[in-house]
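**Student:** Next input, structure requested:
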Amino acid sequence: MALLASPDVGIRGRALLRTGIVANVTASTVAQYLAALPADRRAALSAVRKVINENLPEGYEEGMQFGMIGWYVPLSMYPAGYGENPKVPLSFVALASQKSGMVLHFL
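**Tutor:** This next block holds a predicted model:
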């Protein structure tokens, strides 16, 4: 809950985090991220996640990236990384719960 105390989040941001509409961006696993959501959003994001995982090309990995559920090219396959940063895997798709709705980013 350290994020709720952060001055960077603001009053509206803290309210959105408390409602669970915006997932806890400090989640380090997909399971933690989904658990932080209200049931309706968790169900919707889980359904989209299932379809992505069933159709994901071989070699991609799923995990948390940039505070969202992400699918990316692992550093073992592409060591240059995202934006030539060898510490961040190259992003492919991201799925998130945001205040304006649920979003699917194709990168």
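**Student:** Just want the most central residue of the chain.
**Tutor:** residue 68 (1.2 Å; Cα atoms, centre = their mean).
**Student:** got any ranges where the chain has weak pLDDT?
**Tutor:** Within the chain, the stretches with pLDDT under 70 are 1-25.
**Student:** can you rerun that using 90?
**Tutor:** Scanning the chain for pLDDT under 90 picks out 1-26, 66, 83-85, 98-100, 107.
**Student:** Need the single longest strand in it, by residues.
**Tutor:** Among the segments of the chain that qualify as a strand by DSSP state E, the longest is strand 90-98.
**Student:** mind listing what's buried in it?
**Tutor:** Applying a neighbour-count criterion of 16 or more other Cβ atoms under 10 Å, one finds 90-97 buried in strand 90-98. Where C-beta positions appear, they are placed from N, C-alpha and C, glycine not excepted.
**Student:** thinking again about what came up before, isn't the residue nearest to the centre of the chain right up against residue 91?
**Tutor:** No. The criterion here is Cβ atoms under 8 Å, and residue 68 misses it with residue 91 at 9.5 Å.
**Student:** hmm, back to that, got a list of what the residue nearest to the centre of the chain touches?
**Tutor:** 33, 94-96, 105 (Cβ atoms under 8 Å, 6 or more residues apart in numbering).
**Student:** And the residues you listed, which is closest to residue 47?
**Tutor:** residue 95 (10.6 Å; Cβ to Cβ).
**Student:** Tell me how far the residue nearest to the centre of the chain lies from residue 56.
**Tutor:** Distance, residue 68 to residue 56, using Cβ to Cβ, to the nearest Å: 16 Å.
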